[in-house]
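Colleague: Kindly generate the corresponding structure for this input.
(2 chains)
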Amino acid sequence: MSQLEARDLSLRIGGRLLCEGLTLSIRAGECWGILGPNGGGKTSLLHCLAGLRAADAGQVQLQGRPLQQHSRQHIARHIGLLLQDNHDPFPATVRETVLSGRHPHLSRWQNEGPDDQLRADQAMRAMELEALAPRMVQTLSGGERRRLAIATLLAQDPDYLLLDEPLNHLDLRHQQQLLSMLAPLQERQKAIAMVLHEPNHALHYCDQVLLLYGDGRWESGNSKKILNVERLSALYQCQLRESQDAQGRWFHF
Amino acid sequence: MRGPLILLLLLLLSLIAIATALMLGSVAISLDEIWAVLRGQGSALNTPILLELRLPRALAAFAVGGMLALAGAQMQVLLGNPLADPFILGISGGAAVGALLAMLAGAVSFGVNGAALLGAMTSMLLVFVLAHGRGSWSPTRLLLTGVVVAAGWGAVISFLLVLAPQHNLPGMLFWLMGDLSHARHVSTGLFILALGLLLALPQARSLNLLARGELQAAALGVAVKPLRLQLYLTTSLLTATAVTLAGSIGFVGLIIPHLLRLIIGSDHRLLLPASVLAGGSLLVIADTLARSLFAPQQLPVGVLTALIGVPVFLYLLQRGHTR
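Modeller: Numbering: from 1, shown residues only, chains lettered A, B, ... in the order given. Next up, the predicted model:
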């Protein structure tokens, strides 16, 4: 499997420069954490990597070709995106929603087959949603909806999982559960890039980090090396401290 | 097996509705006699009544109801709003202005229909371009633009009615009220209905995703822009044809898809064909009642669609989502 690459990428919103000349390659089996202040372009970057938003300069390449040269369906077979928020104005069941993750793998006239059902079942089991399968999405809590969105992404089974604040709305147990799912995914040669707000998660669960300062500047590299008090304090423009215990380093106020 | 069963039941409902429409009227005709006429062995009295009056009218009602429900189901996805109906973006207003202008210019039948279609397309294009404007496109913006343009058409319609010479007024008012008794081009209606369904069905699974938002749909591999354009064009074609055939008959396009979503869910692979059958049946039943309840006095069919639809709809809402 080849890599997902950003080449000399620039992003602007409302004329404001968010990042400039960003070059990055996400390889199979890697886990990236993306950190930065609010409005710093983290979500825009994920959308750009998934081909949902055009870059203002530079390009994103999948399998050595610019994203624009791939069909939407081809992109969705390889790149999956967990959106920051989901909304469901129309009634649908949990099971139907998870099954919709199989859409890019089906041809126009094809219906979901036994294999798709099996994958949906596995995804629901991984997110502890089996008991909720027949429920209407509208009746779910925020955290349950989040798990549903993650289960849909797991059913989609892309090579690159782009996660926008995956821990949003999740209780501590499910946060832990999600973070512990990352390593097995990496072992299956899946690549993960996730927007996080907790630098400790990036430090302990990601091998690479990307810091987006929100003014065009960015830094990337090995998370253990890049993440330190000076950089994080500058990134978030607030004073942070660092402690050490048996598990390693921790950042806190 | 649930899907085919539902469609089979609805098909049965459609056939019963059409059969009832053929039987009822100033001259009651039994099923045996209908069968005889269809085989070419009917009586001299029954044959013209059935083949020239009741059958074309029933089929026109079915086509119009089917088109409106199919357009409504797709419009709701396009606007991301389960309460949208086919007329919400001013298509019926544009069609009406086109038809009225043609009538003022002295056009008849084909000219009026053509002008109505042109008016509907103009309205769709106008709304689409204005909604795009500068910056990003959003369903909310499309909805607001459509509602405002529709209001504009309303003003133009009033203006034309005030200016119109006396002898044109009855025809114009008749067109505006919407009625099936003068529906012509039944085969065109059925053809457009079939075409609309054929265009929509291959997109049904993509519609399921678009219903969950454009970003989510795009992330799961739907080419949103072409799909949105197709939805826009097919809903406008369906609505324009329906309005051209029978004027603006309200409620079918809103209530049928919404009702079906509550009962059978939102899988468009099932919902779209079910909407066609249920919408067609509803309008056939409503039209039959409209012409026979107070015969020889005819009621506007829109009154009947509302009288049937409102209580059923409210009951289902009260019952809540029980699936």
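
Colleague: helix/strand/coil for the closest residue to chain A within the stretch 201-323 of chain B?
Modeller: Nearest residue of the stretch 201-323 of chain B to chain A, counting by Cβ to the nearest Cβ: B:G221, 3.0 Å away. For the C-beta atoms, the positions are set from N, CA and C on the backbone; glycine is no exception. Here B:G221 is coil, with the state taken from DSSP: H, G, I helix; E, B strand; the rest coil.

Colleague: Excluding residues flanking it in the chain, which one is nearest it?
Modeller: Nearest residue to B:G221 in three dimensions, chain neighbours excluded: A:A76, at 3.0 Å (Cβ to Cβ, 6 or more residues apart in numbering or on different chains).

Colleague: host element of that neighbour?
Modeller: helix A:72-78 (DSSP states H and E).

Colleague: Quick check: next helix or strand after that helix?
Modeller: Note on helix A:72-78: by DSSP H and E, the next helix or strand toward the C-terminus is strand A:79-82.

Colleague: And B:L229, which helix or strand is it part of?
Modeller: Using DSSP H and E, B:L229 sits in helix B:224-246.

Colleague: ok now that helix, how far from the chain's centre?
Modeller: Centre-to-centre, helix B:224-246 and its host chain are 11 Å apart (Cα atoms, centre = their mean, to the nearest Å).

Colleague: buried ones in the helix holding A:A76?
Modeller: Neighbour-count burial for helix A:72-78, counted by 16 or more other Cβ atoms under 10 Å in any protein chain shown, picks out A:72-78.

Colleague: Any chance of the backbone angles for A:L132?
Modeller: Main-chain torsions, A:L132, degrees, to the nearest 10: phi -90, psi 0.

Colleague: Determine the set of other helices and strands touching the helix holding B:L229.
Modeller: In this structure, helix B:224-246 packs against helix B:55-78, helix B:91-104, helix B:109-132, helix B:186-200, helix B:204-210, helix B:214-219, with contacts taken as 3 or more Cβ pairs under 8 Å, 6 or more residues apart in numbering or on different chains; DSSP states H and E.

Colleague: re the thing from before, hmm, the residue nearest to B:G221 is touching A:D159, no?
Modeller: No - between A:A76 and A:D159 there is no contact under Cβ atoms under 8 Å: 11.1 Å.

Colleague: just to revisit the earlier point, and the helix holding B:L229, what's buried?
Modeller: B:224, B:227-228, B:230-232, B:234-246.

Colleague: Please put the alpha-carbon coordinates of it into PDB.
Modeller: Extracted in PDB, the C-alpha atoms of helix B:224-246 (Å, rounded to 0.1, in the frame of the first residue of the first chain):
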ATOM      1  CA  VAL B 224     -22.400  15.100  -4.200                       C
ATOM      2  CA  LYS B 225     -22.300  17.800  -6.800                       C
ATOM      3  CA  PRO B 226     -23.500  15.800  -9.800                       C
ATOM      4  CA  LEU B 227     -26.100  14.000  -7.600                       C
ATOM      5  CA  ARG B 228     -27.400  17.300  -6.300                       C
ATOM      6  CA  LEU B 229     -27.700  18.600  -9.900                       C
ATOM      7  CA  GLN B 230     -29.500  15.500 -11.000                       C
ATOM      8  CA  LEU B 231     -31.900  15.700  -8.000                       C
ATOM      9  CA  TYR B 232     -32.500  19.300  -8.900                       C
ATOM     10  CA  LEU B 233     -33.300  18.600 -12.500                       C
ATOM     11  CA  THR B 234     -35.400  15.400 -12.000                       C
ATOM     12  CA  THR B 235     -37.500  17.000  -9.200                       C
ATOM     13  CA  SER B 236     -38.100  20.000 -11.400                       C
ATOM     14  CA  LEU B 237     -39.000  17.900 -14.400                       C
ATOM     15  CA  LEU B 238     -41.400  15.800 -12.300                       C
ATOM     16  CA  THR B 239     -43.000  18.700 -10.600                       C
ATOM     17  CA  ALA B 240     -43.200  20.800 -13.800                       C
ATOM     18  CA  THR B 241     -44.900  17.900 -15.600                       C
ATOM     19  CA  ALA B 242     -47.300  17.300 -12.700                       C
ATOM     20  CA  VAL B 243     -48.200  21.000 -12.400                       C
ATOM     21  CA  THR B 244     -48.600  21.200 -16.200                       C
ATOM     22  CA  LEU B 245     -51.000  18.300 -16.200                       C
ATOM     23  CA  ALA B 246     -53.100  19.200 -13.300                       C
END
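
Colleague: quick one: that helix to helix B:186-200, angle?
Modeller: 160 degrees (axes from the mean of the first three to the mean of the last three Cα atoms, to 10 degrees).

Colleague: Compute the inter-axis angle for the next helix or strand along the chain from helix B:224-246 and helix B:91-104.
Modeller: Counting by DSSP H and E, the element after helix B:224-246 in chain order, helix or strand, is helix B:252-264. Inter-element angle recorded for helix B:252-264 and helix B:91-104: 150 degrees (by the same axes, to 10 degrees).

Colleague: List the contacts of the nearest residue in space to A:V137 that is not next to it in sequence.
Modeller: Leaving aside its sequence neighbours, A:V137 sits nearest to A:D88 (Cβ to Cβ, 6+ apart; 4.7 Å). A:D88 sits next to A:97, A:137-138, A:145, B:212 when contact means Cβ atoms under 8 Å, 6 or more residues apart in numbering or on different chains.

Colleague: Stretch B:271-287 and chain A, are they touching?
Modeller: No - Stretch B:271-287 is not in contact with chain A by Cβ under 8 Å from any Cβ of the partner chain; minimum separation 9.7 Å.

Colleague: quick one: average pLDDT of that stretch?
Modeller: The average of the pLDDT scores along stretch B:271-287 is 95.

Colleague: So the spatially most central residue of chain A, which state does it fall into?
Modeller: The residue lying closest to the centre of chain A (Cα atoms, centre = their mean) is A:L163, at 1.4 Å. Look at A:L163: counting by three-state DSSP, its state is strand.

Colleague: beta partners for the closest residue to it other than its chain neighbours?
Modeller: Excluding the flanking residues, the one nearest A:L163 by Cβ to Cβ, 6+ apart is A:M194, at 3.8 Å. Beta bridges link A:M194 to A:G33, A:L163, judged by DSSP bridges.
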